[in-house]
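J.: Mind folding the following:
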Amino acid sequence: MKFGQQLRESLLPEWKFYYVDYAGLKRFLYERSDKGYTADDESEFVKLLDGELEKVNNFQQTKSGEMKRRIEYCEQQVSLITKNDAPTDAKREQLDIIEHEIDTVISEVYELAKFTRLNFTAFIKIVKKHDKNAPFVLKPVFTVRLNSRPFFKENFDELLLELSRLYNIVRNGGVDVDQDKDPQSGNGQNFVRQTTKYWVHPDNVMELKLYILKFLPVLIYRTKGTTKPPSPAITSIYFDNEDLDLYQGRIEKSEGAEAIRLRWYGDMESNEIFIERKTHHEDWTGEKSVKERFSLKEKYINDYLSGDYTMDSKIQRLREEGKKSDQDLQDMETLSYEVQNS
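T.: A predicted model of the protein is given here:
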């Protein structure tokens, strides 16, 4: 499907006048190119393109601000409902009204994310067509203009977090159940898990996120001792050799295939890093796939990786404090040695 048709079929009718006029810009290029594209034509095209960029950027900013205000309104209403002494049935009815409003906002957040993606693609494609058909190169100059009107850099994660929290409160009858999680709260060393993974087209990621948050709250991480807002980020660094043997083993799901990584939760300034090893076991072995891990302060990571730091002192301290069993400490010692020497 050509992009022009995709744009026509994907746009929201109520917002149709605020999308980039891709067809009009393309028509201008082809008509002027047939007659011999001149410097005057170039000036007119750039003026038209700038006008479209301003239109799209202004609309995106307006709608984004509107959604933030609607979310704030919902938060205020939920706060009032949870504080009043109305009977449970009356309170539930009020929360249902708020839930309907949240549903509406979620639908518009999805449409705005799609609006942003479609228009950004339209600008990139029309400039590419221009540089192919006109005797002028526009891409470098327009990239600067595009960055000065960064509608496409809108971060929808903040809206998602607020909507998730609101849904969580409404689901629980007005009770604000804490979504924050300290990465250390599940501080076990070994995990046996079963996961199912799905491929999702990039165009559908936002829609999927918005659908899921209606039923499951977004898990966010707050590091102890920090006043920064909690973050849903999980960052992983995987290790491998030049032949990518670990990656290949995981892709093929070979029996005993391993993945070794560093992982931390929350923002990039997290002080606690987990060293993890995942081992895959096939069903016929009768064993379950397992994830083993131990934590280390960020300042020791480079020395650990280079072999200049061992876990001996930490293990001894944990043994003296009695915070872990002898078996856990033995497992930690074995894992730290094997990962360091792998």
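J.: State the distance from Met67 to Ser148.
T.: Computed as CB to CB, to the nearest Å, the Met67 to Ser148 distance reads 23 Å. For glycine as for every other residue, the C-beta is placed from the backbone atoms N, C-alpha and C.
J.: so how far is Arg263 from the most centrally placed residue in the chain?
T.: The centre of the chain sits closest to Asp157, judged by CA atoms, centre = their mean, with a distance of 6.6 Å. Computed with CB to CB, the distance linking Asp157 and Arg263 is 19 Å.
J.: For my notes, confirm Ala259 occurs in a strand.
T.: Yes. The assignment for Ala259 by DSSP: H, G, I helix; E, B strand; the rest coil puts it in a strand.
J.: Please work out how many residues are found near it.
T.: Neighbourhood size, Ala259 [other CB atoms under 10 Å]: 18.
J.: what's the closest residue to it other than its chain neighbours in contact with, if anything?
T.: Nearest residue to Ala259 in three dimensions, chain neighbours excluded: Lys278, at 4.4 Å (CB to CB, 6 or more residues apart in numbering). Lys278 makes contacts with Glu258, Ala259, Arg261, Ser289, Val290, Lys291, Glu292, as judged by CB atoms under 8 Å, 6 or more residues apart in numbering.
J.: right, and the third one touches Asp240 too?
T.: Same thing as Arg261. No. Arg261 is beyond contact range of Asp240, at 9.8 Å (criterion: CB atoms under 8 Å).
J.: now the nearest residue to Glu282 once chain neighbours are set aside, what's its secondary structure?
T.: Leaving out its chain neighbours, the residue that sits closest to Glu282 by CB to CB, 6+ apart is Glu255, at 4.8 Å. What three-state DSSP gives for Glu255 is coil.
J.: what about Met311, neighbour count?
T.: Neighbours around Met311, by other CB under 10 Å: 20.
J.: Not counting residues beside it along the chain, what's closest to it?
T.: Ser336 (4.2 Å).
J.: re earlier: ramachandran angles for the residue nearest to Ala259?
T.: Lys278 adopts backbone torsions of phi -100, psi 130, taken as degrees, to the nearest 10.
J.: what sits opposite it in the beta ladder?
T.: Ala259, Lys291 (DSSP bridges).
J.: What pLDDT is listed against it?
T.: With respect to pLDDT, Lys278 scores 89.
J.: any idea how far it lies from Glu252?
T.: Lys278 is 15 Å from Glu252, by CB to CB.
J.: what ranges do the strands span in the protein?
T.: With DSSP state E as the criterion, the chain has strands at 180-181, 190-192, 220-221, 234-239, 258-265, 272-279, 290-297.
J.: so where is this protein shaky, pLDDT-wise?
T.: 86, 176-194, 219-232, 267-269 (pLDDT under 70).
J.: Now do the residue lying closest to Phe239 once chain neighbours are set aside against Gln76, distance only.
T.: Spatial nearest neighbour of Phe239, chain neighbours left out: Ile260 (4.7 Å); criterion: CB to CB, 6+ apart. Per CB to CB, Ile260 is found 48 Å from Gln76.
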